[in-house]
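>>> pasting the structure only:
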C-alpha cells in the first residue's frame, strides 16, 4: 500500500502560510542596523521549516528559493553578512 502524500498538501499550505506571516512580521519590524539575534533565528527557523516541507512534497522551486533565503539568513545570524534594507525588501517579495 502506497501512501498518498497529496492528502497532506493542505496541512503544509496552512503551516507555510502561518510561517510566512511570522516571517513577514519579523522582517517588517527588524532593525536592519542592529538585528536582534532572536528575531534572525526565528526568521531562519521559519524558512528552514518551509524548505523542509516543500522538499517533502517535491516542490522543487520553493525548496530551492527557501534554501537561498535560509543560507543568507544563516550568514546574517553568524555575522558573516550585513543585512541591508533592499535585501529585506527582496525577502518580503
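Noted; the coordinates are in hand. Worth saying up front: this structure is predicted, and the values here are computed from it rather than measured.

>>> Please work out how many residues are found near residue 52.
Using other CB atoms under 10 Å, residue 52 has 13 neighbouring residues. From N, CA and C alone the C-beta is placed, and that goes for glycine too.

>>> which stretches of the protein form strands?
For the chain, applying DSSP state E gives no strands.

>>> Helices along that one, start to end?
9-29, 37-56, 60-77, 85-92 (DSSP state H).

>>> could I get those helices as JSON lines with mean pLDDT and distance to residue 3?
Output for those, formatted as JSON lines (pLDDT from 0 to 100; distance: least, CB to CB, whole Å):
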{"stretch": "helix 9-29", "mean pLDDT": "97", "distance to residue 3": "13"}
{"stretch": "helix 37-56", "mean pLDDT": "97", "distance to residue 3": "12"}
{"stretch": "helix 60-77", "mean pLDDT": "96", "distance to residue 3": "20"}
{"stretch": "helix 85-92", "mean pLDDT": "94", "distance to residue 3": "34"}
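
>>> Is it possible to get JSON lines of the ones you listed that adds distance to residue 2?
Output for those, formatted as JSON lines (distance: least, CB to CB, whole Å):
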{"stretch": "helix 9-29", "distance to residue 2": "16"}
{"stretch": "helix 37-56", "distance to residue 2": "15"}
{"stretch": "helix 60-77", "distance to residue 2": "21"}
{"stretch": "helix 85-92", "distance to residue 2": "37"}
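
>>> No more questions from me, cheers.
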